[in-house]
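> no sequence on hand, only this structure:
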């Protein structure tokens, strides 16, 4: 199976005064096409730092990060932005939809930075993706006119409209009630069944259980969940 992301011996530390905190400690991770990986762990374990590194929003102090065959550590800022836009999709706990844009405009937004996609094609792709997530009837509405579950569906559509190699999800059900959380979990499972690679971070064991592979992070180290459970 095609390997699309590789981390090898990745380290990241933060220094505040005399205190040095090792957020990531020799992290290894391989993601193949079609994987669905959930990462759990307590607050302060390094999960957010891991996502920031994977999402090319921060740089590791050392180690290897390859995405779709590109050595990310060796490229400049402009190329990192291009790689992020082309190969990565993001969804967050707080949706991060732009309130002054319609549902359609929010979903079109990431495609507007792609020189290889025309405006007409971008609109058609966004419309089709909104149909897939069940929100074609809300295409002209604004985020404030949607429920939390609907806003997260729009966020998922926006994240996937560019056909990213990997979808990175940070607590995607954290702001939702149980019914909407189940609905979003089912939607993520559906996209994974179509071949979409997903890596999500969550505190919710029920959400983590939908993934086909579960990892645990503690003190900056990433292990298989079964290994951590056996050790504890």
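Nice, I can see it. None of these values were measured; they are calculated from a predicted model.

> C-alpha from now on. contacts and neighbour counts both.
Noted.

> helices of the protein, residue ranges please.
For the chain, applying DSSP state H gives helices covering 47-54, 77-87, 103-108, 119-132, 148-160, 178-193, 205-208, 225-231.

> redo those helices as TSV? Include mean neighbour count, distance to residue 6 and mean pLDDT.
TSV is the format used below for the helices of the chain (neighbours: other CA atoms under 10 Å; distance: least, CA to CA, whole Å; pLDDT from 0 to 100):
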stretch	mean neighbour count	distance to residue 6	mean pLDDT
helix 47-54	20	10	92
helix 77-87	15	14	89
helix 103-108	25	28	97
helix 119-132	18	28	96
helix 148-160	24	21	95
helix 178-193	16	19	93
helix 205-208	16	21	90
helix 225-231	11	19	53
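
> test my guess that residue 66 contacts residue 10.
No - with contact defined as CA atoms under 8 Å, residue 66 does not count as touching residue 10 (11.2 Å).

> these two: which is more packed in?
Shown here are residue 66 and residue 10; by other CA atoms under 10 Å, residue 10 has more neighbours (21 against 18).

> kindly provide the distance from that one to residue 200.
Applying CA to CA, to the nearest Å, the value for residue 10 to residue 200 is 19 Å.

> what's around the spatially closest residue to residue 221 that is not a sequence neighbour, how many residues?
Excluding the flanking residues, the one nearest residue 221 by CA to CA, 6 or more residues apart in numbering is residue 25, at 5.4 Å. Counted by other CA under 10 Å, the residues lying close to residue 25 total 18.

> ok now do the residue most central in space within the chain, which residues does it touch?
What sits nearest the mean C-alpha location of the chain, by CA atoms, centre = their mean, is residue 168, with 1.1 Å. By CA atoms under 8 Å, 6 or more residues apart in numbering, residue 168 lies in contact with 51, 55, 88, 89, 90, 91, 198, 199, 200.

> tell me which of the residues you listed is nearest to residue 80?
residue 55 (9.8 Å; CA to CA).

> sorry, back to before: which strand residues bridge the residue nearest to the centre of the chain?
Bridge pairing for residue 168 (DSSP bridges) gives the partners residue 90, residue 199.

> what about it, distance to residue 139?
Taken as CA to CA, the span from residue 168 to residue 139 is 24 Å.

> residue 79 now?
Distance from residue 79 to residue 139, by CA to CA: 32 Å.

> ok, residue 7 next?
Using CA to CA, residue 7 is found at 38 Å from residue 139.

> cool, and residue 30?
37 Å.

> and the two? Which one has more around it.
The neighbour count for residue 30 versus residue 139, taken as other CA under 10 Å, is higher for residue 139 (18 against 13).

> contacting residues for that one?
Residue 139 neighbours (CA under 8 Å, 6+ apart): 102, 103, 104, 127, 130.

> one more: residue 47?
Contacts of residue 47 (CA under 8 Å, 6+ apart): 39, 40, 41, 201, 217, 220.

> closest to residue 83 among the residues you listed?
Nearest to residue 83, judged by CA to CA, of the contacts of residue 47 is residue 201 at 21.5 Å.
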